[in-house]
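[1] Quick one: sequence and predicted model below, then my questions.
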Amino acid sequence: MLRPPVDIRRARITPAVLRPARGGGGDPSARFARVARRAPEVMVKITGRTRDGAHLKAHLNYVSRNGALALEGPDGERLEGRGQVRDLARDWAEEFALEPGRRRDASISLSIVLSMPAGTDAVRLQDAARAFAAETFGERFRYVFALHDEGRHPHVHLTVRRLGQDGERLNPRKADLQAWREGFARALRDRAIEAEATPRRTRCVARKAERLPVRKMRERFAAGQGPLPAVLAVAYRAALTTDGGEAPWLEAIRTREVGIRRVLVAEALRLSRSERPGDRALAALVERFVRERPAAITRDQALRQRGETQRDPGRTRER
């Protein structure tokens with residue numbers, strides 16, 4: 001139930017290239033408690049790759065706010081000002097050009113965003129990102145990062161050079177991303193910030209997170225400043241022109257949801273029989289979590305419901 005939907009042993013880089021993660025998700029009971037309390041979920045997202053020196057320079061200028069923010073590297077190294085940012089981009093690009101046997105579509109660096117929900121303490125989040133980067137990439141892959149703290153939603157931009165010091169290239173799989181999420185969540189908890197890294201299925205979320213470019217285009221469309229993104233237009237048409245049949249994956253979603261509920265109920269029952277008051281309190285928390293757990297809704301189902309509501313506004317008022 002709390003395991004990721006991928007086999008962590010299939011991680012391409014975590015065991016062989018990166019430093020091994022320590023501790024996993026921690027004590028199972030503590031993790032059940034965090035899930036039942038709906039602890040904030042970390043986000044570790046690969047946002048892009050830089051193709052050449054000019055692209056890398058533009059990206060680092062964005063991350064450093066054109067040199068206004070210092071870029072921090074391993075061991076506390078700080079790069080300040082546009083000149084040092086430019087020199088770093090040039091050095092990485094020159095080393096990339098000399099890489100033997102590289103593919104034509106190879107990239108220089110990986111762009112990663114580390115974030116938490118709005119209101120998270122920015123200083124501790126930055127320190128957690130610092131510890132996560134050091135433990136995950138260590139001396140094998142060079143990296144720089146900077147905190148963006150606009151408003152109440154602080155996040156860290158982490159740029160990692162894909163060519164490692166030993167010639168290995170950084171090429172993460174899905175299992176690696178889950179391991180990174182767990183590592184970042186652990187670093188946050190070490191700094192007294194409650195955080196979890198559970199898979200979407202545990203949280204009863206059937207839809208993947210909306211890609212940032214699509215979200216920005218959708219927001220511009222909603223504000224009357226641009227067209228509807230093509231990917232959403234296609235999704236709307238598909239959702240609203242259904243022939244009444246049910247997609248085959250919906251049954252799989254329901255079956256998986258039943259299995260998750262059974263695991264949660266069994267854990268609540270086990271804890272309720274414990275002699276420890278803390279276990280019985282956790283049992284009540286898990287039981288309430290199961291009771292209040294919403295039904296998983298796919299994107300097509302959500303779009304169809306939205307379309308039906310727009311066609312018949314009275315339905316919402318009558319409920």
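    Nice, I can see it.
[2] Could you chop the protein up by domain?
    For the chain, automatic domain parsing gives the domain ranges 8-189, 212-313.
[3] closest to residue 199 out of these?
    Among the domains of the chain, the nearest to residue 199 by CB to CB is domain 8-189 (7.3 Å). The way it works is simple: take the backbone N, C-alpha and C, and place the C-beta from them, glycine included.
[4] Give me the local confidence score for the residue lying closest to residue 140 once chain neighbours are set aside.
    The spatially closest residue to residue 140, leaving aside those adjacent along the chain, is residue 164, at 4.8 Å (CB to CB, 6 or more residues apart in numbering). The model reports residue 164 with a pLDDT of 91.
[5] Check residue 36 too.
    Here the pLDDT value assigned to residue 36 is 80.
[6] if I pick it, what's in contact with it?
    282, 285-286, 288-289 (CB atoms under 8 Å, 6 or more residues apart in numbering).
[7] if you set the cut-off to 6 Å instead, what comes out?
    285-286, 289 (CB atoms under 6 Å, 6 or more residues apart in numbering).
[8] List just the nearest of those residues to residue 62.
    residue 289 (39.9 Å).
[9] circling back to that earlier point, top of the contacts of residue 36 by number of neighbours, please.
    Compared across these, residue 286 has the highest neighbour count, 24 neighbours, by other CB atoms under 10 Å.
[10] What average pLDDT does the longest helix along the chain get?
    Ordering each helix of the chain by length in residues (DSSP state H) puts helix 248-272 first. Averaging the model's pLDDT scores along helix 248-272 yields 79.
[11] Toward the C-terminus from that helix, list the very next helix or strand.
    Under the assignment DSSP states H and E, the closest C-terminal helix or strand after helix 248-272 is helix 277-292.
[12] tell me which residues of that following helix are tucked away?
    Judged by neighbour count (16 or more other CB atoms under 10 Å), helix 277-292 contains these buried residues: 282-283, 285-287, 289-290.
[13] do the same with stretch 261-279
    Buried residues in stretch 261-279, counted by 16+ other CB under 10 Å: 264, 267-268, 271.
[14] can you redo those residues as a markdown table with distance to residue 133?
    Below are those laid out as a markdown table (distance: CB to CB, whole Å):
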| residue | distance to residue 133 |
| --- | --- |
| 264 | 34 |
| 267 | 34 |
| 268 | 38 |
| 271 | 36 |
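[15] close enough to count as contact, residue 226 and residue 220?
    Yes - the pair residue 226 / residue 220 is scored as a contact, 3.8 Å apart, by CB atoms under 6 Å.
[16] quick one: low-confidence ranges for the stretch 1-150 of the chain?
    1-26 (pLDDT under 70).
[17] where exactly do the strands run in it?
    All strands of the stretch 1-150 of the chain, identified by DSSP state E, counting those that start in this stretch, fall at 43-50, 71-72, 78-79, 109-115, 143-148.
[18] For residue 30, which of those is the nearest?
    Between residue 30 and these, the tightest spacing by CB to CB is seen for strand 43-50, at 20.7 Å.
[19] Most tightly packed of the domains of the chain?
    domain 8-189 (a mean of 17; mean count of other CB atoms under 10 Å).
[20] low pLDDT regions in the stretch 151-300 of the chain?
    Low-confidence segments of the stretch 151-300 of the chain (pLDDT under 70): 200-216, 218, 231-232, 234-250, 294-300.
[21] rerun that using 50 as the cut-off
    Along the stretch 151-300 of the chain, segments meeting pLDDT under 50 span 206.
[22] Which one of the contacts of residue 36 is nearest to residue 61?
    residue 289 (44.8 Å).
[23] What sits closest to that closest one if chain neighbours are left out?
    The shortest distance from residue 289 to any non-neighbouring residue, by CB to CB, 6+ apart, is to residue 36 (4.2 Å).
[24] Pick the one among the buried residues of stretch 261-279 closest to residue 41.
    residue 264 (17.3 Å).
[25] From residue 94, how far out is the closest residue to that closest one other than its chain neighbours?
    For residue 264, ignoring the flanking residues on the chain, the nearest one in space by CB to CB, 6+ apart is residue 290 at 4.9 Å. With the distance defined as CB to CB, to the nearest Å, residue 290 ends up 57 Å from residue 94.
[26] Please settle this for me: is residue 221 part of a helix?
    Yes - counting by DSSP: H, G, I helix; E, B strand; the rest coil, residue 221 falls inside a helix.
[27] list the contacts for it?
    residue 228.
[28] which stretches of this protein form helices?
    Remark: helices assigned in the chain by DSSP H are 28-36, 53-63, 81-97, 122-137, 174-189, 212-222, 230-240, 248-272, 277-292, 299-311, 314-318.
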